[in-house]
Structure formats: C-alpha cells, structure tokens
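# Following is a predicted model, sequence given first.
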Amino acid sequence: GAGVSQSPRYKVAKRGQDVALRCDPISGHVSLFWYQQALGQGPEFLTYFQNEAQLDKSGLPSDRFFAERPEGSVSTLKIQRTQQEDSAVYLCASSLGTGSSYEQYFGPGTRLTVT
Amino acid sequence: RKEVEQDPGPFNVPEGATVAFNCTYSNSASQSFFWYRQDCRKEPKLLMSVYSSGNEDGRFTAQLNRASQYISLLIRDSKLSDSATYLCVVNIPYSSASKIIFGSGTRLSIRP
C-alpha cells in the first residue's frame, strides 16, 4: 500500500522566503510527527499531531515555524522568513496509534536548502 | 548529558564479523526503545523494537539494561547490505505524554 509521501522532495529558497512542506501520512494513521534532520545527526523532534490536534510543538525552533493538520490527515509545515540555519531534511512520520510504542513510518523527506 | 547518546562510529568491520554497539539514555522512566536503520539519503526505517527480556530477529539481537540505562544491538554474520546508520530511539516521558528522541546514529560500514 501507499506509504508516507512528502512534497516537494527538494526545495531551494532564498533567505527570507516563506516555504510550505507537505506530508501525506498513511491513511488511517492517527499520529503524525515532523522532524528536522541536519547532516550527520539523528532526526530532531519538531511537533506532534494526534488527528487534527497539535499536542506537542515544543521542538519547533522559533515562531517562524508553524505546522497544521486541519482535517486530521495531510499536514503542512510552514517556515516563514527562512534562514540559512533552516537548511536540513524535514522528515514526516505517521503511526497507527497514539502511544510511543507504535512504529513510526517515515516519508522520504524534503531537503530544504536556504541560500 | 544528552537524553540519548550513541557512539557515532564509524565501525568498519569485515563481512561475516559480529559487531555490537550501545546507546545510553538519561531518563530512567523511559519505557519504549527501538533501533531504526537509515541508509544514506534515505528515511529511517524500523529495524526492531527492544523488549525488556531482550529479543532476536534473525542475525540481530537487541538487549535492554535498565540498571545501567543502555540498549544494545548485536549483528552476527554481518553482510555488506548491513552498511547503514543505526539510530537508537527512546521515549522520554513528560507530563501526561511522552516524546520520542532519536540518537545521532552509529555508522556501520561492512567491507568485503
């Protein structure tokens, strides 16, 4: 079946531009996570949705980062006024349940380069 | 101290060798532990969950040591295809929820 998809796969933005990254989770998955992964590092947690509710946004690095999942399926991560330090791979993951024991299925990521 | 720490490696071992690496975690209340595998420029994929009693899946064995707060991954009879980065994942309880924390990964390279 279809896995988690993300678009675009690659994005180059000029410093100061706004970007929007999309995540389509596996159908029926309740939980959705966004991570930021810098080169040579593990994924760093950004935010977590349970259905349409954003239950944890403690990992968002600044108020320039905003995420939504209005209908409990597709999610968008928006970064306003991008900075060079925002350059990273942004990974989306979904899981069937709400507990931390559920396997997370990752999308291929969006590689953001801010010039 | 980081919440989840791993030796970054790289571990460079010959095909057929046995290799093991550990991951330490700081929160004694953590309950869920996993090993994920990430190939270069690909997304992480679950390799195995780690259960209290330890568990084995083919050539892979995972162990949990709660007293010393670490988990381990042992790979026997390593194959070239095992070359990847292995990410340790731990849940960190807080308030009424918990957060999933990834380690920085251990790079493994298997040589012919």
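Good, I have the coordinates. Numbering: from 1, shown residues only, chains lettered A, B, ... in the order given.

# can we go C-alpha only for contacts and neighbour counts from here?
OK.

# who touches the residue in chain B that chain A sits nearest to in this structure?
Nearest to chain A in chain B, going by Cα to the nearest Cα, is residue B:104, at a distance of 4.0 Å. The neighbours of residue B:104, taking Cα atoms under 8 Å, 6 or more residues apart in numbering or on different chains as the test, are A:40, A:41, A:42, A:43, B:5, B:6, B:8, B:87, B:88.

# Residue B:36 now?
So residue B:36 contacts B:44, B:45, B:46, B:47, B:48, B:86, B:87, B:88, B:89 (Cα under 8 Å, 6+ apart).

# Would you check how far apart whichever residue of chain A sits closest to chain B and residue A:69 are?
Ranked by Cα to the nearest Cα, the top residue of chain A for proximity to chain B is residue A:42, at 4.0 Å. Per Cα to Cα, to the nearest Å, residue A:42 is found 24 Å from residue A:69.

# For chain A, which segments count as strands?
Taking DSSP state E as the test, the strands found in chain A are A:5-7, A:10-13, A:19-24, A:31-37, A:44-50, A:53-56, A:65-68, A:75-79, A:88-95, A:105-106, A:110-114.

# got the buried residues for the second one?
For strand A:10-13, the buried set under the neighbour-count rule, 16 or more other Cα atoms under 10 Å in any protein chain shown, comprises A:11, A:13.

# Show me what it is packed against.
strand A:110-114 (3 or more Cα pairs under 8 Å, 6 or more residues apart in numbering or on different chains; DSSP states H and E).

# and the strand it packs on, what other elements does it pack with?
With 3+ Cα pairs under 8 Å, 6+ apart as the test, strand A:110-114 has strand A:10-13, strand A:88-95 packed against it.

# least trustworthy helix or strand in chain B by mean pLDDT?
strand B:97-102 (a mean of 81; mean pLDDT, DSSP states H and E).

# Run me through the strand neighbours of the next helix or strand after that strand, direction for each.
Following strand B:97-102 in sequence order, the next helix or strand is strand B:106-111 (DSSP states H and E). Strand B:106-111 pairs in its sheet with strand B:11-14 (parallel), strand B:84-94 (antiparallel), by DSSP bridges.

# give the contact list for residue B:53.
B:63, B:64.

# where's the closest residue in space to residue B:54 that isn't next to it in sequence, which helix or strand?
The shortest distance from residue B:54 to any non-neighbouring residue, by Cα to Cα, 6 or more residues apart in numbering or on different chains, is to residue B:63 (4.4 Å). Per DSSP H and E: residue B:63 is located in strand B:60-65.

# Near chain A, which residues of chain B? Just list them.
Within reach of chain A by Cα under 8 Å from any Cα of the partner chain, chain B has these residues: B:32-33, B:42-46, B:87, B:91, B:98-105.

# hmm, 6 Å instead?
B:32, B:43, B:102, B:103, B:104, B:105 (Cα under 6 Å from any Cα of the partner chain).
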